[in-house]
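S.K.: Everything below, folded, please.
(2 chains)
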Amino acid sequence: MSQKSETVVYYVLQFIALSAMGSLLLIALFILKEGFPFILEEGPSKFLFSSTWEPAKEHFGIFPMLVGSVWVTFGALVVGGPLGVAGAIYLVEFTPKGLMRIIKPVIELLAGIPSVVYGFMGVAVLAPLIRTYIGGPGLSVLAASLILGIMILPTVMSISMDALNSVPPSYKEGSLALGATRWQTQYMVVLKAAKSGILASIILGMGRAIGETMAVIMVAGNAVKIPNSVLDSVRTLTANIALEMGYATGRHRQALFATGVVLFLVIMMLNSFAMWSLKERRKK
Amino acid sequence: MSRKTISFVVLCSFVMIVFLGSGCGKGKVSVTAAGSTAFQPFAEKLAEQFMQSHPDINVTVQGGGSAVGIQSAVSGAADIGMADLVNLPPEASALKSVVVAKDGIAVIVHPQNPVKDLSIEQIRNIFNGVIKNWSEVGGEERPITVVSREAGSGTRSSFEAIVGGVELIREAVIQDSNGTVRETVANDVNAIGYLSHGLVNEKVKAVTVSGVECTTETITKGQYTLVRPVFFLTKGEPQGAVKAFIDFVLSSEGQKTIVDSGLLPAK
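M.R.: A predicted model of the protein is given here:
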């Protein structure tokens, strides 16, 4: 009897574990099935590089959104990358253990704040500040980059911290014994040794920034136009899908799924690269 | 807990999940209305009232947008498609349509903007990007930020159809609901946008269009031109419960609810 129930539980748990993988596979298949024929029909280069997006007139070019996603993601990395890595170094090397026990959970809490809250802060506080003191409509690449930069901080920080922690203490001891200062040790030894892990943290942060939707819709302004400066309004790939999905029918809907295919491929590529660089580190 | 109990709990929860879904619906007649997000809150209110007097009929209201409303009425996914467009698209020609309400579209600016009146011509040129500065329409020396809705929105297509010849300027900020358009305009002194007239509040200022204010009175008299109808679309002549619901919406009680909520009566 007990043997029997053991088997049942075994299979139930196995089913649950596999269903996570299965759903990823199904999502990938579904998006590809809905969007890929459209890309072929429209012509990949026309779809990717035409800058006119007017679904009502059958113009489907996602170039402005591609550029928009790149701008906003790059901006988020400029804001969040250095802050995250520097924060991680400070926390790992220069913070007393007791303080660390408070700071680390707080950073993890930052990851738990819903993105709509970040977006609301952006609309209510950041955008008016940018409009008043710098110019433009306020809802802009700059606003989106700042908000996303803060949103990717927990990802960048916690993975960088893991990377820094896993550097063998003997490296540091050796460097200090040779007469290097604390900062020289950090800069020339520890950072170099943790390089691949830090790179992975930044790539994962990048994936988060590209995929973020709600906060970006709220603060980026969503104009379908290639931005000329960081003060221009911009639309990302995710925003394009989320804004128009509710209304889209027919070819317009397919075009949005095709946008999803592009986004999916970009994120897959980034994640594989991050995993690869983490593995590289373990090999060493 | 013993292993037996754990496996029992796991199994039970599976069984419960399977049966939960099939528990609803006890022989009630159901009517589904789907479509226009602008009319959705009003339809929900009407459905609630209707169900109080007709406990045997269950009315479900879903959003999705006017295009979805038309699509689901054609495919039969919904009994009633709700659409708030000036011009119904060709695929709706096979459907029976009835106007259940009217809705004015107000053109709004920031309360501190001195501009009080715009002609249709000026509105067209602003949204086309020909006029780029408030000083060209009698305002201060400031750039204009155009705020519009996403492609496919019923409010946007109605607005562009009535104003005529709108080729929306590429720099336009796009917001995805009436509420966020209002929020954006309320936060930006340079902004201009448009939204359902029932949703104008004190945070924004509705301009007069060619000297006519956007009020319930001017719209019913036909003086204010930015008005769109709200259609209920059905596949074939409405019958039974569907007919009962549409009749209720068109009745004096239903129309009173529509007027009280800030929309305009059908007639």
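
S.K.: which parts of the stretch 151-267 of chain B sit against chain A?
M.R.: Contact residues (Cβ under 8 Å from any Cβ of the partner chain) of the stretch 151-267 of chain B with chain A: B:151-153, B:157, B:170-176, B:180, B:183-184, B:187-188, B:190-191. The way it works is simple: take the backbone N, C-alpha and C, and place the C-beta from them, glycine included.

S.K.: which regions of the chain lie under the pLDDT threshold?
M.R.: Picked chain A for this. Along chain A, the model assigns pLDDT under 70 to residues A:1-2, A:247, A:281-284.

S.K.: nope, chain B
M.R.: B:1-27, B:267.

S.K.: Where do the domain boundaries of it fall?
M.R.: What automatic domain parsing lists as the domains of chain B is B:9-101+B:229-265, B:104-220.

S.K.: Please tabulate those in CSV, including the columns mean neighbour count.
M.R.: Shown next, in CSV, are the domains of chain B (neighbours: other Cβ atoms under 10 Å in any protein chain shown):
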stretch, mean neighbour count
domain B:9-101+B:229-265, 18
domain B:104-220, 19
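
S.K.: Dump these to JSON lines, plus distance to A:Ala56.
M.R.: Converted to JSON lines, those look like this (distance: least, Cβ to Cβ, whole Å):
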{"stretch": "domain B:9-101+B:229-265", "distance to A:Ala56": "10"}
{"stretch": "domain B:104-220", "distance to A:Ala56": "6"}
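
S.K.: Of all residues in the stretch 101-250 of chain B, which one is closest to chain A?
M.R.: Nearest to chain A in the stretch 101-250 of chain B, going by Cβ to the nearest Cβ, is B:Gly152, at a distance of 3.0 Å.

S.K.: For B:Ser148, I want the exact helix or strand it lies within.
M.R.: Using DSSP states H and E, the element containing B:Ser148 is strand B:145-149.

S.K.: who touches that strand?
M.R.: Applying Cβ atoms under 8 Å, 6 or more residues apart in numbering or on different chains, the external contacts of strand B:145-149 come out as A:137, B:126-127, B:129, B:155-156, B:159, B:168-169, B:171-177, B:181, B:184-185, B:188, B:190-194.

S.K.: Name the nearest residue to A:Met245, ignoring sequence neighbours.
M.R.: Distances taken as Cβ to Cβ, 6 or more residues apart in numbering or on different chains put A:Leu256 closest to A:Met245, at 5.6 Å, once the chain neighbours are dropped.

S.K.: ditto for A:Ser233
M.R.: If the residues on either side of it in the chain are set aside, A:Ser233 comes closest to A:Gly221, at 2.8 Å by Cβ to Cβ, 6+ apart.

S.K.: Which ones among the residues of the stretch 151-267 of chain B next to chain A map onto strands?
M.R.: Judged by DSSP state E, those include B:Val173, B:Ile174, B:Gln175, B:Ala191 as members of strands.

S.K.: and which of the residues you listed is nearest to B:Asp84?
M.R.: Relative to B:Asp84, the closest of these is B:Gln175; by Cβ to Cβ it sits at 17.3 Å.

S.K.: what sits against the closest residue to that closest one other than its chain neighbours?
M.R.: Leaving aside its sequence neighbours, B:Gln175 sits nearest to B:Val181 (Cβ to Cβ, 6+ apart; 4.6 Å). Counting by Cβ under 8 Å, 6+ apart, B:Val181 touches B:Ile108, B:Val147, B:Ser148, B:Arg149, B:Gln175, B:Gly193, B:Tyr194, B:Leu195.

S.K.: quick one, helices of the chain?
M.R.: Because you didn't say which chain, this covers chain A. Counting by DSSP state H, chain A has helices at residues A:2-42, A:44-49, A:63-89, A:97-112, A:115-121, A:127-133, A:141-165, A:169-177, A:182-185, A:191-193, A:195-211, A:214-220, A:237-244, A:250-283.

S.K.: Actually, chain B is the one I wanted.
M.R.: Under DSSP H, chain B gives helices at B:3-20, B:40-53, B:66-75, B:120-128, B:154-163, B:178-187, B:216-220, B:240-250, B:252-260.
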